[in-house]
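Asker: make a model of this:
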Amino acid sequence: MLLYLSSNENIELFDFLVEENGMLVEKLSGEFLLKKFVVHDMRNLSHFSYIAIDLEAIKDSIEDIIEGIKAFKTMYDARIILFTEKTDVEYLNKIIDEANIYNIVSGKTIDKIQKEIRTCLGEQGMSKHYAKMAVNLGYDENQDIENNSGLSLAKEKSIKQFDAKNIKIIVSGVMNRIGTTTTAMNLAAFLSELGAKVSYTEGNESNHLKSIIHSYFFFNNPIINDCFTDGKVDYYLQGNIPIDNYNFNIIDIGVLTPKNLKVTEIGDINILCAGSKPYELSYLNEALKMLKEVVKFNITLPLELKEDIEKTDEYKGLKIHFAKYSPLLFDKSINTDTWKAILSDYL
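Answerer: Below you'll find the predicted structure:
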C-alpha cells in the first residue's frame, strides 16, 4: 500500500500502479510541512509499505526535509520515494547524501517517470549510483533499467516454451490471513509474464475475488459464466476449474482443512503457505498432521525464518521454500527464485 503526498498538479502520477500492479494508492494533496507531518501524523500511518512525496508539495527548508526523512526512517520501515521534477539538483544531491534516500523519480516525461517509479518499487529499489546518474546526468532511455530492479522477465519470456497442459497447482494456507491468495495471484502473474496461459480459480468461500474486481482495476471487465479476464490470466469464481486450453490452473482453496484436503489429490503441484510467528508455526504443525503424503507439498515460509529452520531437525525432509513478503496481489517478480524452484519440472 502506498501513501502519496502530492501537489495538486501531480496528483495522478502514481495512478497507473492501480491498473498495473493492483497496488492500493492513498493520496493526500495540497501543501505540507514534512517535518511536522512526520512528527504529528505518521503514527497512524504505519501500515503503508511505501511513502511517495512530491517535493513540490513540501514547504520545509531543505534542512527540515532531511530531518523529517531521518525521523521517519527511525520509526518506520516503509520505503520513501521522492518525485523531484522541479527540485534543484544541488538540493537533491544533499538529500541523497545526507538522508540516504536513493529512490528518486526525476524524469521529465510520463514514460521516463513511470519507468523510474517501477525501479523504485522493485525488489532492490534504486541504487545510489543510479539515483546520482539520474539526478545529475538525466535518465538514459537506453540504459538497462532491469540492472537496478534485479529482474529480466522480458528476457526470460522470449526463451520460455510451455508444453505443459492443465498442470494443476493447488495453493492452500495453514490459517486465515497467511498470504494464500497473494501467493496464488503472484504465481499467476509470474507465469503469465513468462508467456504461459494461466487460470486462477477461487476454490474457497472467502469471496475475495468479487471484492478484488470492484476494488482494483477490473471495472470494465465483464463477468461471463463466472469468469473474467485481465491481461493474460483468466479468473474463475465459484470454484470453477477450466477443463482445457491452459498451461497452468492455479486453484486457491484457502485454509487447508479435513473438508478440502481431498482437493489436493488432483494437484500436480501443492503449495502450503505458512507464517513465521510461533502460533502460526503451530498451525503448520497441525496441518502437517493432516497430510497423508507430506512429500507432495511445497511449503512456503517467510524468508526471515530461513536460518532458524535450517538449523532444526523438526522440518528436515520437507520441501520448504523461503519467500519474501509481498504487499502486492499481482507482483510478478518478488519471489521469482521461489517459483522457479517449485516449478522446476515445467519451466
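Asker: ok, which stretches of the protein are helices?
Answerer: Counting by DSSP state H, the chain has helices at residues 16-21, 34-41, 62-75, 89-99, 110-121, 128-137, 146-149, 153-159, 180-193, 208-215, 278-290, 306-311, 336-342.
Asker: how is this structure divided into domains?
Answerer: The chain is divided into the following domains under automatic domain parsing: 2-149, 156-342.
Asker: what does the pLDDT read for residue 13?
Answerer: Note for residue 13: predicted pLDDT of 90.
Asker: got a list of what it touches?
Answerer: Contacts for residue 13 were tallied using CB atoms under 8 Å, 6 or more residues apart in numbering; they are 4, 6, 52, 54, 83, 113, 117. Quick note: C-beta positions are derived from backbone N, CA and C, even for glycine.
Asker: pick the one among the residues you listed closest to residue 247.
Answerer: Closest to residue 247 out of the contacts of residue 13 is residue 117 (30.8 Å), distances taken as CB to CB.
Asker: residue ranges with poor pLDDT in the protein?
Answerer: Residue ranges of the chain with pLDDT under 70: 39-46, 136-161, 214-221, 231.
Asker: what sits against the residue nearest to residue 47 when sequence neighbours are not counted?
Answerer: Using CB to CB, 6 or more residues apart in numbering and skipping residues adjacent in sequence, the residue nearest residue 47 is residue 1, 6.4 Å away. By CB under 8 Å, 6+ apart, residue 1 lies in contact with 23, 24, 25, 26, 47, 48, 49, 50, 327.
Asker: also residue 165?
Answerer: 244, 246, 247.
Asker: and it, what are its phi and psi?
Answerer: As for residue 165, its main-chain torsions (degrees, to the nearest 10) stand at phi -130, psi 130.
Asker: so what's the residue count around residue 88?
Answerer: Residue 88 has 11 neighbouring residues, counting by other CB atoms under 10 Å.
Asker: quick one: it from residue 319, how far?
Answerer: Using CB to CB, to the nearest Å, one obtains 54 Å as the distance from residue 88 to residue 319.
Asker: thought residue 227 was touching residue 240?
Answerer: Yes. Here residue 227 reaches residue 240: they are 6.8 Å apart, a contact under CB atoms under 8 Å.
Asker: follow-up on the earlier one: could you list which of the contacts of residue 1 belong to strands?
Answerer: Those of the contacts of residue 1 mapping onto strands are 25, 26, 50, per DSSP state E.
Asker: these two touch, right, the second one and residue 4?
Answerer: Yes. Distance between residue 26 and residue 4: 7.1 Å, which falls inside the contact criterion (CB under 8 Å).
Asker: comparing these two, which residue is more hemmed in?
Answerer: Between residue 26 and residue 4, counted using other CB under 10 Å, the more crowded position is residue 4 (25 against 12).
Asker: specify the beta-bridge partners of the more buried one.
Answerer: Following DSSP bridges, residue 4 is listed with bridge partners residue 27, residue 52.
Asker: list the contacts of it.
Answerer: By CB under 8 Å, 6+ apart, the contact set of residue 4 is 11, 13, 14, 25, 26, 27, 28, 52, 53, 54.
Asker: which residue packs closest to the fifth one, ignoring adjacent ones?
Answerer: With CB to CB, 6+ apart as the measure, residue 3 is the residue that lies nearest to residue 26, at 5.2 Å, once sequence neighbours are left out.
Asker: show the contacting residues for the one you found.
Answerer: 26, 27, 28, 45, 48, 50, 51, 52.
Asker: hmm, 6 Å instead?
Answerer: By CB atoms under 6 Å, 6 or more residues apart in numbering, residue 3 lies in contact with 26, 48, 51.
Asker: from those, pick the one nearest residue 97.
Answerer: Within the contacts of residue 3, the smallest distance to residue 97 is 20.0 Å, found for residue 51 (CB to CB).
Asker: I'd say that closest one and residue 79 touch.
Answerer: No. If you go by CB atoms under 6 Å, residue 51 and residue 79 don't touch, sitting 7.4 Å apart.
Asker: measure residue 345 to residue 169 for me?
Answerer: Noted for residue 345: a distance of 12 Å to residue 169, by CB to CB.
Asker: strands of the stretch 201-347 of the chain, start to end?
Answerer: Per DSSP state E, counting those that start in this stretch, the stretch 201-347 of the chain has strands spanning 227-230, 233-236, 248-255, 269-273, 297-302, 319-323. These are given in chain order.
Asker: can you name every helix or strand that the second one contacts?
Answerer: Secondary-structure packing of strand 233-236 (3 or more CB pairs under 6 Å, 6 or more residues apart in numbering; DSSP states H and E): strand 198-202, strand 227-230.
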